[in-house]
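Undergrad: build the 3D model from these lines:
(2 chains, ligands or ions: 2)
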Amino acid sequence: MSANGAAVEVVGLNKWFKTFHALKDVSLSVGSGERVVICGPSGSGKSTLIRCINALERHEEGKVIVEGVELSDEVGQIEAVRRNVGMVFQQFNLFPHLTVLENCTLAPMWVKRIPKAKAEELAMQYLDRVHIPDQAKKYPGQLSGGQQQRVAIARALTMEPRIMLFDEPTSALDPEMIKEVLETMVELAETGMTMLCVTHEMGFARTVANRVVFMDHGEIVEVAPPQEFFTNPKSERTKEFLAQILH
Amino acid sequence: MTPSRRPPREPMPGPIEWLRENLFSSWGNAALTVLALAIIYWTVVPFVTWAIVDAAWTGTGRDDCLAYDGACWPFVMQRIGQIVYGFYDVGQRWRVDIALIVLAAGLAWLTLPRVPGKRPVGALMLTLYPVAAFFLLAGGMGLEHVPTTRWGGFMMTMIVAMTGIVASLPLGILLALGRRSDLPVVKGFSIAFIELWRGVPLVTVLFMAANMLPLFAGLSVNKVLSALIAVALFSAAYMAEVVRGGLAAIPKGQYEAANAMGLPYWQAMAFIILPQALRLALPNIVGNFIGLLKDTSLISIIGLFDLLGIVQAGSTDPEWAAPNTAMTGYVFVGVVFWAMCFSMSRYAKHMEGVLAAGERR
Ligand SMILES: Nc1ncnc2c1ncn2[C@@H]1O[C@H](COP(=O)(O)OP(=O)(O)OP(=O)(O)O)[C@@H](O)[C@H]1O
Ligand SMILES: [Mg+2]
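TA: Ligands and ions are numbered 1, 2, ... in the order given. All right, here's what the predicted structure looks like:
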């Protein structure tokens, strides 16, 4: 862990897709135990930013420092960082050929070399935490969207990461399932987990976030505590965005 | 849970109703039914007449067959030893028997449902069996040496096909992964290898392996060995493309989820990507196996006698040359090949069902 206690530190990050400048001089520091919500219009670079943090996207310029370790091209180092950084995707990305339990135990067993019985015990503990221990023997295809996303959360948690990344975890869900997933995430926030969430669920941002980051066109436009962000946004672009999203 | 109720059962149709519903539901349908019956009649009846009614069933030479208009079965019966073992020393044929019986038992163990211990048996069949079978067939370690020039017939077909099947799948998987690799050298090599082998007919490859190499490189190569290598590499190139198709069908999110959990490349491939990709590619993989099995008959181009080659050679033998001998041999070989290919195809179909049930998307 770095001296200032930052869990994630992004400094002067620039990222291009071919000639398209997707992230422009992005800097952001997330303290240990802090919960940051990232919002912004579609295509503004939110996913790209959090995917740079676990090196799913490689950046061209700037630094990404995770728990004091600066990401490089070295495979072993990237894998080491990923062990401590869990990720939940919009499309769940569960492994359809494995049961819920196997989905959860795979990485602990093969990445952390935890014995099977212990890994299963751990997985059951987290499946219990997301309130679906009774689905452990089923295949992902047999679950509802909300249940699948909660399995995805449990799968990430079974690795016992210190940082969790969420990329629009509720956007692919039917309205009635959004609540169950958000509740799970609120409960997770209460445990003191460091969380970076890309989401448009402003209610979630209000209750859980320490800070809200607003991005547009690959730039961070505004960073503010939720109270201030929603009641007194500074930039015009933030105001426009909030007007659209809150009607 | 409430006890589930069955849906009400439809009344069973009687045979007449069934016929009317399925075969004579309209004039067009009725016409097709009649046409189909006619085609069956005009093909099946003459064939049965030739193969059974008019066929010679006993005898020891061509004269016994000349008197009959139909098939010459004594040829197959008298030559069955050669058809199965080629020119393998008669006194040593028990060695081939053991190899084939163990192979059959192993395959049965691995394919029959609900038989336990598939993993250890599979591992043994892939590691110990090929080595043991080689020494059993070729000799050494106290067993009399039988040169590969004497190998032939069904035994040769099985050796070439099994080697091809067992070698081509792992090689093909490696090539397919290589083709998608980020490393330019690996990627370039895989593409070059695949495209080279896919661009050349197997006959050419076999011919080159057996004749050109010794000629130019001055290497004296064992024909059977060079055929085995040629067939394995050739089918690996095809297998690579089939596997690549399966890999391409796996959504990007699966790779990302695996990466995000910190799974190293080979583990992500082994546990997440390949099981799904191979399942998707299974029908095509088995299609390749079937093609490979049938292509083994091409080894006759380099003077090796597989099942087809040995029957063909035997039928031109003056001792048996009669109008129906060759035809009888071909029909026999055709039936044997068909039985093997059809079982593979059925087994693949069965496995697709089993795997789909496991996943229940
Ligand atoms: N692999 C890629 N190749 C090329 N362009 C890409 C790629 N991934 C993203 N982009 C582009 O980069 C920009 C930012 O994408 P990103 O996915 O980060 O946006 P986002 O803010 O997450 O949007 P959304 O709310 O739609 O998810 C977009 O304009 C997108 O088209
Ligand atoms: Mg996005």
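
Undergrad: which parts of the lengthiest helix in chain A are buried?
TA: Longest helix in chain A, counting residues (DSSP state H): helix A:175-190. Residues of helix A:175-190 classed as buried: A:Met177, A:Ile178, A:Glu180, A:Val181, A:Leu182, A:Thr184, A:Met185, A:Leu188, A:Ala189 (neighbour count, 16 or more other C-beta atoms under 10 Å in any protein chain shown). Every C-beta, even on glycine, is put in place using the N, C-alpha and C of the backbone.

Undergrad: who does it touch, helix- and strand-wise?
TA: Judged by 3 or more C-beta pairs under 8 Å, 6 or more residues apart in numbering or on different chains; DSSP states H and E, the packing partners of helix A:175-190 are helix A:145-158, strand A:194-198, helix A:202-208.

Undergrad: and for B:Ala356, the neighbour number?
TA: 11 (other C-beta atoms under 10 Å in any protein chain shown).

Undergrad: and the helices in chain A?
TA: A:46-53, A:75-83, A:100-111, A:116-129, A:145-158, A:175-190, A:202-208, A:226-231, A:236-246.

Undergrad: can you give me the buried ones in stretch B:234-250?
TA: Buried, per 16+ other C-beta under 10 Å, within stretch B:234-250: B:234-244, B:246-247, B:250.

Undergrad: check stretch B:125-141 too.
TA: B:Met125, B:Tyr129, B:Ala133, B:Leu136, B:Leu137, B:Gly139.

Undergrad: make a markdown table out of those residues and add secondary structure and distance to ligand 1.
TA: Below are the buried residues of stretch B:125-141 laid out as a markdown table (DSSP: H, G, I helix; E, B strand; the rest coil; distance: C-beta to the nearest ligand atom, whole Å):
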| residue | secondary structure | distance to ligand 1 |
| --- | --- | --- |
| B:Met125 | helix | 44 |
| B:Tyr129 | helix | 47 |
| B:Ala133 | helix | 50 |
| B:Leu136 | helix | 55 |
| B:Leu137 | helix | 54 |
| B:Gly139 | coil | 60 |
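
Undergrad: can you tell me which of those residues is nearest B:Asn324?
TA: Each of those was checked against B:Asn324 using C-beta to C-beta; the closest is B:Leu137, at 33.6 Å.

Undergrad: which residues sit in contact with the closest one?
TA: When contacts are counted by C-beta atoms under 8 Å, 6 or more residues apart in numbering or on different chains, B:Leu137 touches B:Arg95, B:Val96, B:Ala99, B:Val146, B:Trp151, B:Met155, B:Ile159.

Undergrad: what about the fifth one, how many residues nearby?
TA: Spelled out, that is B:Trp151. Neighbour tally, B:Trp151, other C-beta under 10 Å: 23.

Undergrad: now the one 10 residues further on
TA: By other C-beta under 10 Å, the residues close to B:Ala161 number 22.

Undergrad: please, which helix or strand holds it?
TA: helix B:153-179 (DSSP states H and E).

Undergrad: and for B:Arg244?
TA: helix B:223-248.

Undergrad: so who does A:Arg237 touch?
TA: Neighbour list for A:Arg237: A:Phe214, A:Asp216, A:Val221 [criterion: C-beta under 8 Å, 6+ apart].

Undergrad: burial measure for the first one, as a count.
TA: To tie it back to what came earlier, the one meant is A:Phe214. 25.

Undergrad: doesn't A:Glu222 make contact with it?
TA: Yes: the pair A:Phe214 and A:Glu222 qualifies as a contact (C-beta atoms under 8 Å) at a distance of 4.5 Å.

Undergrad: for the chain, which spans come out with low pLDDT?
TA: As the question left the chain open, I've gone with chain A. Residue ranges of chain A with pLDDT under 70: A:1-4, A:247.

Undergrad: switch to chain B, please.
TA: B:1-4, B:7, B:11, B:218-219, B:358-361.

Undergrad: quick one, phi psi at the residue in the stretch 51-200 of chain B that ligand 1 sits nearest to?
TA: Going by C-beta to the nearest ligand atom, ligand 1 is nearest to B:Asp182 of the stretch 51-200 of chain B, at 15.0 Å. Reported as degrees, to the nearest 10, the phi and psi values for B:Asp182 are phi -80, psi -20.

Undergrad: do the same with B:Pro113
TA: Backbone geometry at B:Pro113, expressed as degrees, to the nearest 10, gives phi -70, psi 160.

Undergrad: so what's it up against?
TA: Per C-beta under 8 Å, 6+ apart, neighbours of B:Pro113: B:Val354.

Undergrad: equivalent analysis for A:Asn84, please.
TA: So A:Asn84 contacts A:Val66, A:Glu67, A:Pro161, A:Arg162, A:Ile163 (C-beta under 8 Å, 6+ apart).

Undergrad: could you do B:Ile290 as well?
TA: B:Cys341, B:Met344, B:Ser345.

Undergrad: can you give me the neighbour number for the closest residue to chain A within the stretch 51-200 of chain B?
TA: Relative to chain A, the nearest point of the stretch 51-200 of chain B is B:Asp182 (10.8 Å; C-beta to the nearest C-beta). Counted with other C-beta under 10 Å, the neighbours of B:Asp182 add up to 7.
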